[in-house]
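Trainee: Quick one: sequence plus predicted model below, questions after.
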Amino acid sequence: MTKYDCIVVGLGAMGSATTYQLAKAGAKVLGIDQFSPPHKLGSSHGGSRITRSAIGEGVEYSELALRSHTIWREVEAATGRQLFLRNGCLTISGTDAVVMHDVDDFFANIGAAARQYDIPHRMFETPEAIRARYPQFAVKAGDHGILDEEAGTLFPETCVAAQLELAERHGAAILRNTAVASIDGADVTTADGQRFSAEKVVIAAGAWLPRFAAEELAKHFTVTRQVLLWFEIKTNPERFAPENCPVYIWQLPRNAHVHSSIYGFAHDGDPSHGVKVTHEESGGVADPNHVDRTVDQAEEIDRVYRNYIEPFLPDLGPHCLRTETCLYTRVDRSRFVIDTDPRNDRVIFVSACSGHGFKHSAAIGEAVAQQVTNGRAAHVDIAPFKLARLADYLKA
Ligand SMILES: Cc1cc2nc3c(=O)[nH]c(=O)nc-3n(C[C@H](O)[C@H](O)[C@H](O)COP(=O)(O)OP(=O)(O)OC[C@H]3O[C@@H](n4cnc5c(N)ncnc54)[C@H](O)[C@@H]3O)c2cc1C
């Protein structure tokens, strides 16, 4: 049986970053995935992810994002691929706004994080100020905004592919299309009967992670199907060019038909591809092995356009040019879990991070690799994501 310093189970955002960082640090590492990443069956696809530095989910996340931005730049330099487009992130909120990611103070936290970490930002105190700079957003009375300038678009498939490329360059062994069936201590057996042994195992299995956890941990995870939509640009395509359109999160005014925020992106350089804009409504609890990938025209496109898009982005038309489905794996209160398995101190869980983890994944991978090799993370603090802290958080 081949023996490794560490085996990483799952090679999406979290696992590709961890495998790369372990290999870069000189560890003997094996990364295993049941599919061939980057792929469309987990949580790290769809062409774009928002990255921000001033983090509304809590000030403790900002150092993860800032460190990740440094790593994305290093990966870009080492691979010659573009991972990150720094076109800013505008967050809009207003009167009776919907809650974002279960965090009541989301908008206020962004300003607090920007001040604490000296992140370049710009406030828009009135709807008129937003409209003057960004006429594509039909903001309402009482709306205000904050532009995080150290923010923008990540290209998730490229991030995963580039980190796996570098991992292999640094000597990692990568096993694709091979499912891990069981883990005993730090011995890993695959569904096709291969056996590997290691000092440590990192489980970064995304929506499949709860299957490796005891019931009392697994119960904190909820997997939901999310729908991604690309709508046609009907008028003023220049407003959606990356130089005129930051990524955006909009805490919409709540009404009988609007229950969640929307978020969206600039076009990809070709306005005829439309723009990705979608909502945070859950598409229902999902089994990751049996996800309905068809998107319902009436309920999931027409209704969404009518309630979430048309009143707020009037340049976009009702014709949906592209759809994809993706999985959120939420922990209570949208928290992250990065900790040792309480039953087995040779296993570390890295959760799929509640629908806002991609931007932090490069730093999380580095921190987990450092924990494996040196016993502690050197650049960022991952203690807030320990299980004990989750318990404290849930009690609060
Ligand atoms: C629609 C949507 C929009 C999002 N938007 C944003 C955003 O704008 N900004 C942001 O920061 N975050 C965002 N997120 C969250 C972010 O994408 C996730 O936090 C991140 O992608 C999770 O990565 P992961 O590595 O945990 O999961 P995945 O990428 O799914 O990787 C898990 C991997 O484990 C593998 N695996 C599972 N079981 C096994 C097994 N038994 N054996 C071998 N391999 C296995 C899977 O095949 C998979 O490749 C979004 C997520 C979704 C779904």
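Mentor: On my side now, so go ahead.
Trainee: OK, contacts around the residue nearest to residue 112 when sequence neighbours are not counted?
Mentor: Once flanking residues are discounted, residue 112 sits nearest to residue 59: 5.8 Å by C-beta to C-beta, 6 or more residues apart in numbering. Glycine gets a C-beta too; all of them are placed from N, C-alpha and C. Residues counted as contacts of residue 59 (C-beta atoms under 8 Å, 6 or more residues apart in numbering) are 109, 112-113, 116.
Trainee: for the record, mean pLDDT for stretch 73-91?
Mentor: Stretch 73-91 carries an average pLDDT of 98.
Trainee: again with stretch 305-325
Mentor: On average, stretch 305-325 scores 98.
Trainee: Kindly report the same for stretch 336-354.
Mentor: Stretch 336-354 comes out at a mean pLDDT of 95.
Trainee: could you dump that stretch to PDB, C-alpha only?
Mentor: C-alpha atoms of stretch 336-354 as PDB (Å, rounded to 0.1, in the frame of the first residue of the first chain):
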ATOM      1  CA  PHE A 336     -17.900  27.300   7.800                       C
ATOM      2  CA  VAL A 337     -16.600  24.100   9.500                       C
ATOM      3  CA  ILE A 338     -12.800  23.600   9.300                       C
ATOM      4  CA  ASP A 339     -11.800  21.200  12.000                       C
ATOM      5  CA  THR A 340     -10.600  17.800  13.000                       C
ATOM      6  CA  ASP A 341     -13.100  15.000  13.100                       C
ATOM      7  CA  PRO A 342     -14.100  14.600  16.800                       C
ATOM      8  CA  ARG A 343     -14.000  10.800  16.300                       C
ATOM      9  CA  ASN A 344     -10.600  10.600  14.500                       C
ATOM     10  CA  ASP A 345      -7.800  13.100  15.000                       C
ATOM     11  CA  ARG A 346      -6.200  12.000  11.700                       C
ATOM     12  CA  VAL A 347      -9.100  13.400   9.700                       C
ATOM     13  CA  ILE A 348      -9.800  17.100   9.000                       C
ATOM     14  CA  PHE A 349     -13.100  18.300   7.600                       C
ATOM     15  CA  VAL A 350     -13.200  21.300   5.300                       C
ATOM     16  CA  SER A 351     -16.900  22.200   4.600                       C
ATOM     17  CA  ALA A 352     -18.300  23.500   1.400                       C
ATOM     18  CA  CYS A 353     -18.800  26.800   3.200                       C
ATOM     19  CA  SER A 354     -22.500  27.700   2.900                       C
END
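Trainee: if you skip the residues just before and after it, what's nearest to the residue of the chain found nearest the ligand?
Mentor: Using C-beta to the nearest ligand atom, residue 12 is the residue of the chain that sits closest to the ligand, at 1.9 Å. In space, and not counting its chain neighbours, residue 12 is closest to residue 44: 4.2 Å by C-beta to C-beta, 6+ apart.
Trainee: One more: residue 222?
Mentor: residue 330 (4.9 Å).
Trainee: Do I have it right that the residue nearest to residue 12 meets residue 158?
Mentor: No. The criterion here is C-beta atoms under 8 Å, and residue 44 misses it with residue 158 at 10.7 Å.
Trainee: Which neighbours do those two have in common?
Mentor: Contacts common to residue 44 and residue 158, judged by C-beta under 8 Å, 6+ apart, are residue 38.
Trainee: So these two - more neighbours on which side?
Mentor: residue 44 (27 against 19; other C-beta atoms under 10 Å).
Trainee: any idea how far the more buried one is from residue 70?
Mentor: Residue 44 is 20 Å from residue 70, where distance means C-beta to C-beta, to the nearest Å.
Trainee: what does the domain assignment say about the protein?
Mentor: 2-48+156-220+333-395, 84-152+222-330 (automatic domain parsing).
Trainee: Need the distance between the two termini of the last one.
Mentor: Separation of the first and last residues of domain 84-152+222-330 by C-alpha to C-alpha, to the nearest Å is 25 Å.
Trainee: Flag every residue of this protein that's near the ligand.
Mentor: Proximity of the chain to the ligand, by C-beta under 6 Å from any ligand atom, involves residues 9-15, 32-35, 37, 42-44, 46, 49-50, 179-180, 204-208, 226, 228, 326-328, 352-353, 355-359.
Trainee: Could you give the separation of the biggest strand by length in the chain from the chain centroid?
Mentor: For the chain, the strand with the greatest residue count under DSSP state E is strand 316-331. Distance, stretch centre to chain centre, for strand 316-331: 14 Å (C-alpha atoms, centre = their mean, to the nearest Å).
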